[in-house]
Structures are given as structure tokens and as C-alpha cells.
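> Here's my sequence, what's the structure:
(chains A and B)
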Amino acid sequence: MAETRILPGGRILRYTLVERLVHWIAGFSYVYLLLNGLALWTPWMWWMAALLGGGPVARATHPWVGLIFAASVIWMYRMWASDMRITEEDRRWNRALGHYVRHEDEAVPAVGRFNAGQKYLFWLMFWSGIVLLLTGMVLWFTEYIPWSLRYLRYVSIIVHPVAFLLTLGGFIIHVYMGTAVVQGGFSSVIRGEVTENWARTHHRLWLARITGNAPTKK
Amino acid sequence: MPGKTLELKRVSATSTASPGIREAATVSKLIDTSTCIGCKACEVACQEWNDLPAETTVQMGTYQTMPETAWNFWNLIKFHEYESGTGLHWLMRKDQCMHCADPGCLKACPAPGAIVQYNNGLVDFQQENCIGCGYCIAGCPFDIPRFNQSTKKVYKCTLCVDRVSVGLEPACIKACPTSCLQFGTKDQMLQLADKRVKQLRASGYTQAAVYDPPGVGGTGVVTVLSFGDQPELYGLPRDPTIPLAVQIWKSPLKWLGNLAIIGGIIGTFVHYLRFGPKVVNGNGKGAKQRGE
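Reported below is the predicted structural model:
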């Protein structure tokens, strides 16, 4: 493992091809579900349904794309759950969140492969994804729910959009961080590679682990 | 319904005003359950006028045609037996869309124009705008909208909007041989209903009452019940309202959600203006990720 992460030319493999592929299956299916779902969320966004082939098409495809998203989220869980465990370091990072937000990175504890923000995003997306899958099933097959179990519909009608809003909050921050704030983050999830400097800046303990060196003080 | 734009009072999933500018009296059916003989003429008339196919029924051990209404069977006489102190009662109630003044189906519907309410109070599904999501099924407190698996649309009683529009009474009313079904303005029907309730009370049914539930703003189907204190005996909910979940979803949750979405987008944008990107440490080369 330690050897395979280091590429010729001093570059470092941050995400394997499979990791990138799963990330983008989740990404594209999420964006489709987002546009599609926003059309049903408010009439102001109804034009998005037209963009996706009209209301009936949007309704018919949403659950199937939802299954793809759910599958990708579960696959990510299998790939990344061990990397995403919340540790004592994460709690310290969390207390320094204000510094991280203001880019006072010298006051933020060094992090491993993922920082606490990334971990919380992962768990938010995973658990929301599971909740969206379950409530989505109820809404998908709503006409088969017997009248005596109608509370399932009522629960789903509230919980599905609440879980969606939580994921959207995470999604907005994730896209913003990955494209605008952390430069090199976007290309790392496209080509999979980062420079050593990038790794040292953003994930110093991870760099130390894969190169076999003890973390150095800057 | 094309050509009835000027009569639209409410249109589903439309945040702007409805286009209706015509005034009309609210109309209503009157169902007097105490004079219904269970003949099913209204069921047949409904199937005939609406040109719906004859359905294979099942033997339920009662006088009821089938267990529930269906996408192609909008009018069902529900049959209940009830034993009170005075003896055995056959309770027959016409189950159909209640045409609520405040329709939960319309409120829950996310497809613009798929459910409309006309100025005379009729609630009508416009299948050409329906996307088949089934939210109306969740919004209805009376379990009325029915989904068709092959067309992926929902259906229910239209209150014979095509007949009523041209001054005719609905097909079921026309066919009723005992006049337990009547049709007119809601005021007229409420007067008739009150008169009938007084008769019933005088003849020993002291609990007789009119069922016109205020929780949904009243209904376009006014029902006289001999045992008005127990609407459940007839399969009617005691105090129907639009489900709380639908009300929360369509109002506070929607506005909170919209504010959060807009706030999130503005927040990240302002953050970038204030703080910009994170700088990679090192000799300056590191900041350039693609520079090979």
C-alpha cells in the first residue's frame, strides 16, 4: 500500500480509479436527483422537469436514479468507512473549525487522509442516503400502502425532503470546497493525483503514513 | 378542463393567482343515507356516463359491489351492518370524492395544473398534467384518488363536471330512484339536509346529523347520517383535515428549506469573497497542481 501510493515524479495517488468512478457515479446521480427533485419541491423550479423530459419522465426516472445513488453511497461506505471513523484528532480539528474556515491553517491540527469536515460530510451523505432510500421506496410505491399504514406516507412526505435539504447543505459546501477553496482538490478526484506539497498542506499525517516518515514540523 | 379557464378557483403547484374571474354558487350533492335502499343505480349510472368498463366484482358476503373504489369505479355504495339498542341497521353510504372546499389532494400535488378547483367548488384531476407521483393519495383524508398502473395517472369522481357545466345534474343523482341523492347549490342542500335531520330526530334517531366536516372547509358532498354522532359506522373519518405532514411540508418546511438553500449559496459566495482559496505550502510550485 505504502509503495503504490507514491507515483513517479514525486506525485501521490490520492484516489484510485475505482474510488473516482464511484465518486462520480454518486455525483452525477445526485445532481440528476437534485434537479429532478427541486422541480417537485417548488413550482418555481418546475422548469427543471421540462429540462429533464417533462414531469411524467422526471417522476418515472427519479426512483431508478435514486437506486443508483443509493448503491453508490453504499459502495462508498464499503470503500471508505474505515478511513472515515471519527477519532479524538477529529474532535480537536473540530474545535479549530473557526481557524480552518478563516484559512488560519497553522492553528489547525494536522489531519490524516480525510479531515473531520470530510468525514462528517461522508456520514451525512451516507445516513441521509439510507433515509432517502427508505422513504423514497414508500413514495415510489405509495398506492400499495394500505390505508391502515398511511402514517408511513406522512412520515416519508416530511422526512424525504428534510433528508434532501441536509444533503443539499453538505453538497453545496462540498462542491464549493472541492472546486474553489481547496485548489487541486477537484483534479485529485478527476486524475487521482496530488503533489507532495498539496498532501503536506492538507493531509500531513496521511502523507507521513504513506511515505513512511514521521510527520515533520513545518 | 379546456375552456373552463375563467372558472378556475385553484390550480395545483401554482404560486401565482388563479385565472378564474367568473362567480358561481358553490354546488353540492346531498346524500341521505337514511333513504338509500342500496339499489346501486348510481354506480351503474356513473360507469355508463363516464364510459368506464364493467368491472368483475368479488363476493364480499354483503350487498357491497366491491371492497373499494377503483381507478375505473368512482362511486361505491359502502354497506355496513350496525346493531344498536333498537335493532339491526343496514347503513349504506355512497363513497366517492367529497370535493373538499380545502382539498388536500390539490395542496399536496406538485404538478402545475394537474388538480384544479372550479369556482363552483368541484375538484377535478387533469390527467394530461398529472405526473403520477401519488402525492394526492397522501394528501386526501378520505382515501379517494386511485392510481392506474398502465397510464401512471390518478383518477376519481369528477362530480360529472361535463354535465354540471352545461346545467345538468350528475349522472348518479339522475339515476337515484328514492331521491336520497339530490343536487343543487350548497345552501339548498344544507337546508334540505337540516330538514331531513329534524325529521329523523323526531322519528327517534336523536343522534341524526349532517356530515359536512369543517376541517376540510366543508365538502361538496353533504351527507345525512342517522347515527351522526358515529360517522365511523359509515366508514367516514370523524374530523378529517389535510394531513399535518402535508401542511408542514407545503408551508413552513418549504420556506425554511428555500431560505436555507439560498442562504447556503450566498454564504459560500461571501466566504470566497472574504477568504478566497487555501494556499498550498511550499516553494510556490505546490500551488500549481497541473504544472508538469
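> residue contacts, the residue nearest to A:W47 when sequence neighbours are not counted?
Taking Cβ to Cβ, 6 or more residues apart in numbering or on different chains as the measure, A:W47 lies nearest to A:A39, with 7.6 Å between them; neighbours along the chain are not counted. C-beta coordinates here come from the backbone N, C-alpha and C atoms, glycine included. Contact partners of A:A39, counting by Cβ atoms under 8 Å, 6 or more residues apart in numbering or on different chains, are A:M45, A:W46, A:W47, A:M48, A:A49, A:L52, A:G55, A:A58, B:P110.
> can you pull out the helices in chain A?
A:17-41, A:47-51, A:55-80, A:88-95, A:97-101, A:116-140, A:151-176, A:185-190, A:196-202, A:204-211 (DSSP state H).
> what angle separates the third one from helix A:151-176?
Using axes from the mean of the first three to the mean of the last three Cα atoms, to 10 degrees, the interaxial angle of helix A:55-80 with respect to helix A:151-176 works out to 70 degrees.
> Tell me the helices and strands packed up against helix A:55-80.
helix A:17-41, helix A:47-51, helix A:116-140 (3 or more Cβ pairs under 8 Å, 6 or more residues apart in numbering or on different chains; DSSP states H and E).
> and with 6 Å instead?
Counting contacts by 3 or more Cβ pairs under 6 Å, 6 or more residues apart in numbering or on different chains; DSSP states H and E, helix A:55-80 is packed against helix A:17-41, helix A:116-140.
> what does chain B put close to chain A?
Proximity of chain B to chain A (Cβ under 6 Å from any Cβ of the partner chain) is limited to residues B:13-15, B:110-112, B:131-134, B:137-138, B:143, B:147, B:243, B:245, B:249, B:257, B:264, B:268, B:272, B:275, B:277-278, B:280-282, B:286, B:289.
> What's the ChimeraX syntax to select whichever of those residues are buried?
To isolate the buried members of these in ChimeraX, using 16 or more other Cβ atoms under 10 Å in any protein chain shown:
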select /B:13,14,110,111,112,131,132,133,134,137,138,147,243,245,249,257,264,268,277,278,280,281,286,289
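> just for the chain, where's the confidence low?
As the question left the chain open, I've gone with chain A. By pLDDT under 70, the low-scoring segments of chain A are A:1-4, A:214-218.
> other chain: chain B
B:1-3, B:281-292.
> ranges for the strands of it?
Remark: strands assigned in chain B by DSSP state E are B:8-11, B:27-32, B:76-84, B:87-95, B:115-118, B:123-125, B:146-148, B:153-155, B:181-185, B:209-211, B:221-225.
> Could you measure from the residue nearest to B:G121 when sequence neighbours are not counted over to B:L8?
Nearest residue to B:G121 in three dimensions, chain neighbours excluded: B:T26, at 4.2 Å (Cβ to Cβ, 6+ apart). Remark: distance between B:T26 and B:L8 (Cβ to Cβ, to the nearest Å) = 15 Å.
> Up against chain B, what does chain A have?
Residues of chain A lying near chain B (Cβ under 6 Å from any Cβ): A:40, A:43, A:46, A:55-56, A:59, A:103, A:142-143, A:147, A:153-154, A:157-158, A:165, A:169, A:172, A:176, A:180-184, A:187, A:195, A:197-198, A:201.
> what sits against the closest residue to B:T35 other than its chain neighbours?
Once flanking residues are discounted, B:T35 sits nearest to B:C180: 3.9 Å by Cβ to Cβ, 6+ apart. Going by Cβ atoms under 6 Å, 6 or more residues apart in numbering or on different chains, B:C180 touches B:D32, B:T35, B:C36.
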